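Engineer: Sequence isn't available, so here's the structure alone:
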């Protein structure tokens, strides 16, 4: 028999940039990454306050020692993890905006972090202006056709044309899917990573 209890857990996040900026940018890392390292891909954005939450599941990347990475969830008890993620991320947002007002809130999800970013963006408890899905498959459990009307600003999908996790035929399919969901799609010459030039372009489109 499987039973459950709820208990408190401590979550970690990293921050960079200008705390008093007009725009709050959340960046959700990919599988096996950690927030303190992932945020380095964004800390040159001086006109933003950047916050990198960390997935709740940390593990050794190889064997039982050495480098550590984090994950947002697995297939095991995924509905509980989806709820826990949305809940603690919203609590983080409430903490950060309790004494600070931002003109705009953007959520960027990279790779595995994209699914959690999308679920959080469309969660009724969270109020954000824009979603950037970067090299990430849109979570099939969401029905954005019924929700996108509540977010009037543009949403973006970004993908490198040499991304090793998306074969050429799959790239076309995933771009078509996002286009159907009314996302603006951006393609760049590069692999599975955050491209600085393309990031600038993406953020400028949201101004």
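Structural biologist: Arrived safely, thanks for sending. Everything numeric in this text was worked out from a predicted model, so none of it was measured. Numbering: from 1, shown residues only.
Engineer: What helices and strands are in contact with the helix or strand containing residue 169?
Structural biologist: Assigned by DSSP states H and E, residue 169 belongs to helix 168-180. Packing partners of helix 168-180 (3 or more Cβ pairs under 8 Å, 6 or more residues apart in numbering; DSSP states H and E): strand 156-160, strand 184-188. C-betas here are computed from N, CA, C, even on glycine.
Engineer: winner for burial among these?
Structural biologist: Comparing the helices and strands packed on helix 168-180 by mean neighbour count (mean count of other Cβ atoms under 10 Å), strand 156-160 ranks first with a mean of 23.
Engineer: Now do stretch 101-113: everything it contacts.
Structural biologist: Residues outside stretch 101-113 that contact it (Cβ atoms under 8 Å, 6 or more residues apart in numbering): 21-31, 38, 49, 55, 71-72, 93, 115-118, 120-121, 127-136, 165, 192, 194, 203, 206.
Engineer: if we can go back for a sec, what's the average pLDDT for the helix holding residue 169?
Structural biologist: In this model, helix 168-180 has a mean pLDDT of 93.
Engineer: Report the inter-axis angle for it versus strand 184-188.
Structural biologist: Put simply, helix 168-180 runs at 150 degrees to strand 184-188, going by axes from the mean of the first three to the mean of the last three Cα atoms, to 10 degrees.
Engineer: What separation do you get for residue 31 and residue 120?
Structural biologist: Using Cβ to Cβ, to the nearest Å, residue 31 is found at 17 Å from residue 120.
Engineer: higher neighbour count, those two?
Structural biologist: residue 120 (25 against 13; other Cβ atoms under 10 Å).
Engineer: Just the helices from the protein, written as ranges.
Structural biologist: Remark: helices assigned in the chain by DSSP state H are 35-38, 78-96, 113-122, 168-180, 196-205.
Engineer: among these, which is nearest residue 186?
Structural biologist: Among those, helix 196-205 comes nearest to residue 186, with 6.0 Å by Cβ to Cβ.
Engineer: on contacts alone, who are the packing partners of the closest one?
Structural biologist: strand 156-160, strand 184-188.
Engineer: How far away from the center of its chain is the least confident helix or strand in the chain by mean pLDDT?
Structural biologist: Sorted by mean pLDDT, DSSP states H and E, the helices and strands of the chain end with helix 168-180, the least confident at a mean of 93. Here the centre of helix 168-180 is set off from its chain's centre by 19 Å, with Cα atoms, centre = their mean, to the nearest Å.
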